[in-house]
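Peer 1: what shape does this take:
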Amino acid sequence: AALAGRIDDLSGAKAPVHDRHHFREFVVRTDQPAAAVAGDLADEGFAVHVVGEHLIQVCVTDLNADRADGLVAAFEEVI
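Peer 2: As a prediction, the model looks like this:
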């Protein structure tokens, strides 16, 4: 929940899109086309899943939770 809120605070992103409880996955709505944002995030070393024209699914696991700060910084840079 904290990561979604941090992304939601960025201009050009809304997270989580669905107003319901989420555990490890949530959807982010981006002002820019999702495929472009996902590609830019991939260039920064982050894999996200495009689920719509302006929707990206983010999944956090125990293996990548320590990279949350980097993900937020990368989102801020690419959106």
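Peer 1: not counting its own residues, what contacts stretch 46-62?
Peer 2: Contact with stretch 46-62 is made by 3-4, 7, 15, 17, 24-35, 37-38, 41-42, 67-68, 70-71, 74, as judged by C-beta atoms under 8 Å, 6 or more residues apart in numbering. C-betas here are computed from N, CA, C, even on glycine.
Peer 1: again, only using 10 Å
Peer 2: 2-4, 7, 13-17, 22-42, 64, 67-68, 70-71, 74-75, 78 (C-beta atoms under 10 Å, 6 or more residues apart in numbering).
Peer 1: list only buried entries from these.
Peer 2: Under a neighbour-count criterion of 16 or more other C-beta atoms under 10 Å, the subset of those counted as buried comprises 3-4, 7, 13-17, 22, 26-30, 34, 37-38, 40-41, 71, 74-75, 78.
Peer 1: just the ones of these in helices?
Peer 2: Taking DSSP state H as the definition of helices, the buried ones among the contacts of stretch 46-62 contribute Leu3, Ala4, Ile7, Ala34, Val37, Ala38, Asp40, Leu41, Leu71, Ala74, Phe75, Val78.
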